[in-house]
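1. next come a sequence and a model predicted from it.
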Amino acid sequence: MKETVIMNFSGVYAEEDFYRDKEHIWIDFTRMQGVNCYCTQEAEEEIKRQIAGCSPLGLHFLDSGNYHYLSKFWLDKLEQPCDLLVFDQHTDMQESAFFGLLSCGSWVKEVLDTNEKVRKICIVGPPKKAFAECAPEDLCRVTALCAEDLKEGKTETLEAFLREDPQVPLYVSVDKDLLCRQEARTNWDQGETPLSQLFALLDLAFSCRKSAGADICGEDPQDGSALPKEEDLRINERTNQALWEYFSEKF
């Protein structure tokens, strides 16, 4: 397996144990300013400096969904063309609400607009109404598998996306807010997908494509006001462990 990087922003990973008996690279960003939900230019430059020696082809833990924009930085490091498969309760394709800064809600749109190596994007999990709020010109470049179809087991759009260019590797980004609360506890509204269904979709993806790397976010730091409840920590820890073991078999 390629290297695994744990990016610790909120401090929540220090309360979990899923990584402690495994090889990993730990990067601490807990003192960094201008990074929660959005990223200033100064913070972006420092983050990119600290991950400069790390491979984008491995597995990256990104902390809570507030930092999902970090996926863009890993995608910027890829040297070969790839397609992007995102599992998320949200589209992350909105115009930035933070004075034009890169944010957790705008990073997919930023990738569409700025990264020529990312050829196509498929987003799995948001409800239909979330896709309806996206700009039509952006949606024409995105394959959408909405929550309603996912709940009914309709995966034809994902299958078509994966089989269109099977020689192109796939970067996978997982926000655990896609999952039901029995499988994950996040600081955003959540979907209803069981972990077993996510694994089935990933099996489908890797049966068609080779990996270009992956990342995982969706911890619940409660914005630093308090530590998550023990139950929340253990649920997220268990799911992180399962995801790490899954990706270790695919890379």
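-> On my side now, so go ahead. Numbering: from 1, shown residues only.
2. please, where are all the helices along the protein?
-> 41-50, 70-77, 107-114, 128-132, 136-139, 147-151, 156-164, 195-208, 230-250 (DSSP state H).
3. ranking those by mean pLDDT, which is last?
-> Of all those, helix 136-139 carries the lowest average pLDDT, namely a mean of 90.
4. can you tell me what sits against that helix?
-> With Cβ atoms under 8 Å, 6 or more residues apart in numbering as the test, helix 136-139 has contacts from 93, 109, 112, 131. From N, CA and C alone the C-beta is placed, and that goes for glycine too.
5. go again using 10 Å as the cut-off
-> 91, 93-95, 108-109, 112-113, 121, 123, 131-132 (Cβ atoms under 10 Å, 6 or more residues apart in numbering).
6. from the chain's centre, how far out does it sit?
-> Mean-position distance between helix 136-139 and its chain equals 21 Å (Cα atoms, centre = their mean, to the nearest Å).
7. OK, contacts around residue 250?
-> 1, 59, 172, 202-203, 205-206, 210-211, 214 are the contacts of residue 250 under Cβ under 10 Å, 6+ apart.
8. again, 6 Å this time
-> 206, 211 (Cβ atoms under 6 Å, 6 or more residues apart in numbering).
9. please shift the residue numbers so they start at 4 in all later answers.
-> Let's use 4 as the start, then, which means that last one is residue 253.
10. separation between it and residue 33?
-> Separation of residue 253 from residue 33 (Cβ to Cβ, to the nearest Å): 30 Å.
11. repeat for residue 21
-> Going from residue 21 to residue 33 by Cβ to Cβ gives 19 Å.
12. between those two, tell me which one has more neighbours.
-> Each of residue 21 and residue 33 has its neighbours counted (other Cβ atoms under 10 Å); residue 21 has more, 20 against 13.
13. not counting residues beside it along the chain, what's closest to residue 234?
-> residue 188 (7.7 Å; Cβ to Cβ, 6 or more residues apart in numbering).
14. what do you get for residue 71?
-> Closest residue in space to residue 71, ignoring its immediate chain neighbours: residue 107 at 4.6 Å, by Cβ to Cβ, 6+ apart.
15. what's that neighbour sitting at in phi/psi?
-> The phi/psi pair for residue 107 (degrees, to the nearest 10) reads phi -70, psi -20.
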